[in-house]
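Student: sequence unavailable; structure follows:
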């Protein structure tokens, strides 16, 4: 099964700016919170956080959000490389897309900071359906 | 002349995470601070901030930064559309590239929230060299 | 009944710093999220947020939190003045106190920015038990 | 001489909220940036950051700030205890006080996390005038 997660979040007052709506940077926070929840459920959070620096992010923004709006944040593994993982992110308010994007991270050795191949356990946990783990 | 700016920033303690290095989201803050400084120098900050929602961001990350590291954040207008602007961003620590990316924003009417063409004054201020303002 | 709320929060990766633990400023976020949840449940959130600037905060910190730790954030109205409200905040990890504090806000007219007395409806909603609303 | 520092900061767009003004939590960021600048100038930043957890903060807020406002952030050592330091903070916009407060931190052993007395070098650097270092 493709590793994926959906979490619900609310736009907090601190997340708004003087335009009266959310600040777009909130999507970064929500993405990482979804990623953490996925890794927690997969039982790998202790092995991955702090060992998977981001190498690329991209986001497209549709409609704006207001204070106290509730959204679904959907995150799924799109591809798993030798040492990298690509997540697909989607933020929905009801049926409307608020933002979507991708996040690419690489697995490193915490001691050396050098890239390393996923361990078999991490590979099995993170491999999307249809991709040979 | 192409509208561009270079600001110096320092990695603050709040900008670090438990991996002992900066959190990648800091690039969003620095990008917007550079954009504000550019608009301030161009004399357009009162017309643009709160009226230019982001429609796309993308960042690639190279080397990590540590607490108290000093960087140059370079931001320039890459293209000016009928209602949009594309910035090019580069974060350098000395000669090394830390991060690079793009930010696309659109100009809206603050009352209606609808996209609108740049005013002649904003167009003149933001048009990159070689592009007919 | 004294207006009070208890919400559960988790230390996110962005909430940590290079000491390997949470950054103390997270308590400000959690406090405001608890306040918003209380006002939502009281049905007054549309009248209060953006109309209740903070005039005083104080926090004491006990034990540190690590990434992914779960806490209870308890917020209650300690006192209601003519134009002000004082909240008591407590952050607990299990039975251990992580942080405690107070937040004082005042009610203002959104147009003029001037302090104003609570409306009867807000007074009734926010008055603590034992205090005449 | 009393260890003290004054830094200039600007309210950034991300620092505002939907009330159209700054979010009060920005004072925490500015306080820590001033503290870092002071420790850098004193030559002790490598010994203190990550080894001086906060045990108490308190802030009082006067007038609000708007986007792009410029302030002076003044921070000075008010008292130095056996293992603690108390800073006095003041944020001024021109002659007007925006916020003021105190921050108390303690010195710990990075390995054990236990409180420890300031080293002679740190004591000499941080002792306020009139207090025997």
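Tutor: Arrived safely, thanks for sending. Quick caveat, the model's predicted, so the values are computed rather than measured. Numbering: from 1, shown residues only, chains lettered A, B, ... in the order given.

Student: contacts only, for the residue nearest to residue A:70 when sequence neighbours are not counted.
Tutor: Spatial nearest neighbour of residue A:70, excluding adjacent residues (Cβ to Cβ, 6 or more residues apart in numbering or on different chains): residue A:10 at 5.3 Å. Yep, even glycine has a C-beta here, placed from its N, CA and C like the rest. Applying Cβ atoms under 8 Å, 6 or more residues apart in numbering or on different chains, we find residue A:10 in contact with A:68, A:69, A:70, A:71, C:36.

Student: so what does the spatially closest residue to residue A:76 that is not a sequence neighbour have for phi and psi?
Tutor: In space, and not counting its chain neighbours, residue A:76 is closest to residue A:4: 3.5 Å by Cβ to Cβ, 6+ apart. Note on residue A:4: backbone dihedrals following degrees, to the nearest 10 are phi -150, psi 160.

Student: chain A: strands as residue ranges?
Tutor: A:4-10, A:54-61, A:70-80, A:84-93, A:96-106 (DSSP state E).

Student: can you tell me how far the residue lying farthest from the centre of chain A sits from residue D:11?
Tutor: Largest separation from the mean C-alpha position in chain A: residue A:18, at 26.8 Å (Cα atoms, centre = their mean). Relative to residue D:11, residue A:18 is positioned 9 Å away (Cβ to Cβ, to the nearest Å).

Student: what's the answer for residue A:37, then?
Tutor: 33 Å.

Student: show me which of those two is the more surrounded one.
Tutor: residue D:11 (24 against 18; other Cβ atoms under 10 Å in any protein chain shown).

Student: residues in contact with the more buried one?
Tutor: Contacts of residue D:11 (Cβ under 8 Å, 6+ apart): D:22, D:26, D:65, D:66, D:67, D:68, D:69, D:70, D:71.

Student: spit out the contact partners of the second one.
Tutor: The neighbourhood of residue D:26, defined by Cβ under 8 Å, 6+ apart, consists of D:11, D:15.

Student: equivalent analysis for the fourth one, please.
Tutor: With Cβ under 8 Å, 6+ apart as the criterion, the residues that contact residue D:66 are A:18, D:11, D:16, D:20, D:21, D:22.

Student: how about a cut-off of 6 Å?
Tutor: Residues near residue D:66 by Cβ atoms under 6 Å, 6 or more residues apart in numbering or on different chains: residue D:21.

Student: so where's chain A uncertain?
Tutor: For chain A, applying pLDDT under 70 flags the ranges A:132-133.

Student: number of nearby residues for the residue nearest to residue A:122 when sequence neighbours are not counted?
Tutor: Closest residue in space to residue A:122, ignoring its immediate chain neighbours: residue A:44 at 5.8 Å, by Cβ to Cβ, 6+ apart. Using other Cβ under 10 Å, residue A:44 has 18 neighbouring residues.

Student: and residue A:44, how far from chain B?
Tutor: 16 Å (Cβ to the nearest Cβ, to the nearest Å).

Student: hmm, who's touching stretch A:31-48?
Tutor: Contacts for stretch A:31-48 (Cβ under 6 Å, 6+ apart): A:5, A:7, A:73, A:75, A:89, A:103, A:122, A:125, C:12, C:13.
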